[in-house]
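*Asks:* for reference, the sequence and a predicted model appear below.
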Amino acid sequence: MVQINIQFTLFSAFYSPLISAISGHFLENEGLEPKWSVAKPGVSAISALENGTVHVVQSALSQGFGAPTDTAASVTHFAQINEMDGFFLTGREADSEFSWKKLEGASVVLFGGGQPLAMFKYACHKAGIDYDKIDAIHVGGAAAMDDAFRQGQGAYIQQQGPFPQQLEVDGIGHIVAQVGTQIGPCGFSSLAAKPEWLETDMARAFMRGYRKTRQYINEASAAEIAAAEMPYFPDINQQALTDCIATYQKLGCWTPHVEITREAYEVTLDIFEYNGTIDTRLPYEQVCSTPPSG
């Protein structure tokens, strides 16, 4: 058994294609012993790749958008995890007639920057509402945001699953919308590594396991996937986790293919261009690469 070091930038059930590669023993079956960690809040796992402490990370295509155009990339995004935004909007009350227009003038606990905020602003644009009319509350990372909402801040909160589902179980909030359905398919989250690692036997073994995981994550029942993942979510109710995974399966963010498509990449560029956070649309090859073959 060979140890493979994996790091998550954020840890949530949204990243089940990578979590299940571990919890479902797909990597072990390929001779890899996974050791996983989560980056500190506000720190990208890309830095762990760059300092050589991990082999592969959960990241986002946007992490590569600021790379210089005239040098070889030190990190490449070689496979997709999610092809859609996986954030939910949760309100204080159930609202079967929710519309995004209700966010104007309301207080919303939001991520303070990066891809989550960029995607949310683009969703507002697609919904035809003015983001500047929202009373945005920024309190820190995912844990601080959850705590703030539980303590009474905000009429709504932006979160990845299974935390909104847990709010529902606890009687604190009610999911009213999904950001992904407002935006549509895009290159949201990815697997990244150093180009030289992709040439190794370890990378090929990883991809064999990951391909099998993506088939499993789409074909297995949400209850089966949640039962295997429960040790990774000790503070989450099992039914909440099951409901979350079932919702993501229905959303279609876990498309079976592993490749980052050019179409998804271009949509993500559109989103960041709309937000004014990129000056240059880097070519696909500058940020992405083909996953290793089995």
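*Replies:* Perfect, I can see it now. Residues are numbered from 1 along each chain as shown.

*Asks:* tell me which element the spatially closest residue to residue 61 that is not a sequence neighbour is part of?
*Replies:* The shortest distance from residue 61 to any non-neighbouring residue, by C-beta to C-beta, 6 or more residues apart in numbering, is to residue 187 (4.5 Å). In this view, the C-beta of every residue, glycine as well, is placed from N, C-alpha and C. Counting by DSSP states H and E, no helix or strand carries residue 187.

*Asks:* and residue 187, its phi and psi?
*Replies:* phi -80, psi 90 (degrees, to the nearest 10).

*Asks:* what about it, how many neighbours?
*Replies:* 28 (other C-beta atoms under 10 Å).

*Asks:* separation between it and residue 156?
*Replies:* 26 Å (C-beta to C-beta, to the nearest Å).

*Asks:* where exactly do the strands run in the stretch 151-294 of the chain?
*Replies:* Using DSSP state E, counting those that start in this stretch, the strands of the stretch 151-294 of the chain run over 156-160, 174-178, 189-193.

*Asks:* quick one: which of those is nearest residue 57?
*Replies:* Among the strands of the stretch 151-294 of the chain, strand 189-193 comes nearest to residue 57, with 5.3 Å by C-beta to C-beta.

*Asks:* averaged pLDDT, that closest one. What do you get?
*Replies:* The pLDDT scores in strand 189-193 average 97.

*Asks:* and that strand, what does it pack onto?
*Replies:* helix 46-50, strand 56-60, strand 76-82 (3 or more C-beta pairs under 8 Å, 6 or more residues apart in numbering; DSSP states H and E).

*Asks:* mean pLDDT for the ones you listed: which is lowest?
*Replies:* Lowest mean pLDDT within these: helix 46-50, a mean of 91.

*Asks:* who does the residue positioned nearest the centre of the chain bridge with?
*Replies:* For the chain, the residue nearest the mean C-alpha position is residue 189 (4.9 Å; C-alpha atoms, centre = their mean). Residue 189 forms beta bridges with residue 60, residue 82, as assigned by DSSP bridges.

*Asks:* ok, it - contacts?
*Replies:* Neighbouring residues of residue 189 by C-beta atoms under 8 Å, 6 or more residues apart in numbering: 14-15, 58-60, 80-82, 86.

*Asks:* what does residue 7 give?
*Replies:* Contacts of residue 7 (C-beta under 8 Å, 6+ apart): 36-39, 45, 48-49, 53-54, 57-58.

*Asks:* state the phi and psi torsions of it.
*Replies:* phi -130, psi 140.

*Asks:* going by neighbour count, which residues of the lowest-mean-pLDDT helix or strand in the chain are buried?
*Replies:* Here the helix or strand of the chain ranked lowest by mean pLDDT, DSSP states H and E is helix 46-50, holding a mean of 91. Buried residues in helix 46-50, defined by neighbour count with 16 or more other C-beta atoms under 10 Å: 46-49.
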